[in-house]
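**Student:** Sequence first, predicted model second:
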Amino acid sequence: MRTPKPTTAVLYNAECPVCNFEISLYARYAAKNGLPIRFDDLNSDALAQWGLSADQAARRLYVVQGGVLTSGIPAFRVLWAQMPRYQWLARLTGWPVVKPLSAALYDHALAPLIYRWHLRRRRKTPVL
């Protein structure tokens, strides 16, 4: 069976335990189900294809689908919509009341918290 060419690409921080855990779940699900989704670690050579700095990319999730770059909750919604198991999350976070609340929670609380945690881990990691 031929694997379809990825039509959705995800950029995430594999050095972040939270990000890596969540995206690894999605990557395993996509691989198991033959979904055309590519997962790029921002700490790899793949970052150059995205036109983002490592710092920009570490601040939030990015997804490209059909040549359109999205980030934050809209990016999660694009990703979830591609995976039957998670389509309910895409629908839920698209509801009129939930959509702005979930975006605000991600943009003003979760993403900044995870980003600060990432910076703190980087400062504590010795350079070899």
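**Tutor:** Thanks, I have it.
**Student:** mean confidence score for the lengthiest helix in the chain?
**Tutor:** In the chain, with assignment by DSSP state H, the single longest helix is helix 17-32. With pLDDT averaged residue by residue, helix 17-32 scores 97.
**Student:** cool, stretch 118-127 as well?
**Tutor:** For stretch 118-127, mean pLDDT rounds to 82.
**Student:** quick one on the thing from earlier: who does the longest helix of the chain touch, helix- and strand-wise?
**Tutor:** Packed against helix 17-32 by the contact rule (3 or more CB pairs under 8 Å, 6 or more residues apart in numbering; DSSP states H and E) you find strand 8-12, strand 37-41, helix 111-124. Heads up, the C-betas are built off the backbone N, CA and C, glycines and all.
**Student:** C-alpha coordinates for the last one, PDB please?
**Tutor:** Pointing back at helix 111-124 there. Coordinates of each C-alpha in helix 111-124 appear next as PDB, following Å, rounded to 0.1, in the frame of the first residue of the first chain:
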ATOM      1  CA  ALA A 111       1.600  28.700  25.300                       C
ATOM      2  CA  PRO A 112       3.400  31.400  27.300                       C
ATOM      3  CA  LEU A 113       3.700  29.100  30.300                       C
ATOM      4  CA  ILE A 114       5.100  26.200  28.100                       C
ATOM      5  CA  TYR A 115       7.400  28.600  26.300                       C
ATOM      6  CA  ARG A 116       8.800  30.000  29.600                       C
ATOM      7  CA  TRP A 117       9.300  26.400  30.800                       C
ATOM      8  CA  HIS A 118      11.200  25.700  27.600                       C
ATOM      9  CA  LEU A 119      13.500  28.700  28.100                       C
ATOM     10  CA  ARG A 120      14.200  27.700  31.700                       C
ATOM     11  CA  ARG A 121      15.100  24.200  30.700                       C
ATOM     12  CA  ARG A 122      17.400  25.500  28.000                       C
ATOM     13  CA  ARG A 123      19.200  27.800  30.500                       C
ATOM     14  CA  LYS A 124      19.700  24.800  32.900                       C
END
